[in-house]
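K.L.:
pasting a predicted model and its sequence here:
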Amino acid sequence: MPCSTKWKQMFSGSEWNSINKIPLKSVFLFSFNNPMPNYLLGTPLAPMKGRAIDEMSDIFNLFKKYDGQVLYEIKYDGERAQIHYNEGEISSFSRSFESQNEKYINLLTELKGHLKSSGIKNCIIDCEIVGFDYTKSQMLSFQELMTKKEKAPQLFEGKIYFFDLYYLNDQSLIHEPLPTRRNKLLSAFKPTVYFSPAEGFEHDLKAVSQEETLLQLNDFLSEALQQGYEGVFVKVMDKTLSIYNGISRVQWIKVLFLNCFLI
């Protein structure tokens, strides 16, 4: 049986269509234990994705069997972006590997200057771009984001929220666990008006009771929804399971108002 046929049988039609669009140069990044060469800067990696759950208790069933360490993180209501920067050149890709350079030209120009002034030689950042009205200090909805950037990209205003880092200053991080990648992200990228690390905090599922954990998560989710965010992610921080994997849906759980129980 051809290799592509075996892979196709592992995924649904929509998942396979997405995987089949991955640039060939990036396929080996999650298939083989290879370091990431410098020439792959500018080639998008397969995006990590989350899955929704039916009940809060599913978090324990999925994650507690590992080391119990998780990250609660805001899920922003924007457009996913993977930004590649290399010595003054910057590119942004959507989750379907399409260029976003023209859509977000103002933000990317601002970010390029910030990275250069911060002494960063090259990097690959996973992030979310959201629309933001700076005159009202108000975040825009996803629909408003899409409308504004399509009508007048040169006038578009927004923010970039960083949540993962795959490459930094000639060093590949794709075989590092999420705690290591996140620490490097927080150290290397200081918040500004236009750029900020995603808001979140770490939690140990084994340190407290399930009831206390659910109450804590519920408070975080309620606050996120009140502020206009889409929901929250729960991301596994296990040192083995949290290594980058562009075809896995095990590492991230989406907790949204419509498909999870609020206590």
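P.N.:
Now that the structure is in, tell me what you want to look at. These numbers come from a predicted model, not from an experiment.
K.L.:
only C-alpha atoms for contact and neighbour calcs from this point on.
P.N.:
Will do.
K.L.:
count of neighbours near the closest residue in space to residue 241 that isn't next to it in sequence?
P.N.:
Closest residue in space to residue 241, ignoring its immediate chain neighbours: residue 251 at 7.0 Å, by CA to CA, 6 or more residues apart in numbering. Counted with other CA atoms under 10 Å, residues neighbouring residue 251 total 24.
K.L.:
need phi/psi at residue 251.
P.N.:
Dihedral angles of residue 251 (phi, psi; degrees, to the nearest 10) stand at phi -80, psi -30.
K.L.:
also residue 229?
P.N.:
Torsion angles, degrees, to the nearest 10, at residue 229: phi -80, psi 160.
K.L.:
the nearest residue to it once chain neighbours are set aside and residue 256: what is the separation?
P.N.:
Using CA to CA, 6+ apart and skipping residues adjacent in sequence, the residue nearest residue 229 is residue 76, 5.2 Å away. Using CA to CA, to the nearest Å, we find residue 76 at a distance of 11 Å from residue 256.
K.L.:
which secondary structure element of this structure has the lowest mean pLDDT?
P.N.:
The weakest-scoring helix or strand in the chain, judged by mean pLDDT, DSSP states H and E, is helix 3-9 (a mean of 38).
K.L.:
select the longest helix from this structure.
P.N.:
Across the chain, the longest stretch assigned as helix under DSSP state H is helix 210-226.
K.L.:
parallel or antiparallel, which strands does the next helix or strand after it pair with?
P.N.:
Downstream of helix 210-226, the next assigned helix or strand under DSSP states H and E is strand 231-236. Counting by DSSP bridges, the strands paired with strand 231-236 are strand 69-75 (antiparallel), strand 252-256 (antiparallel).
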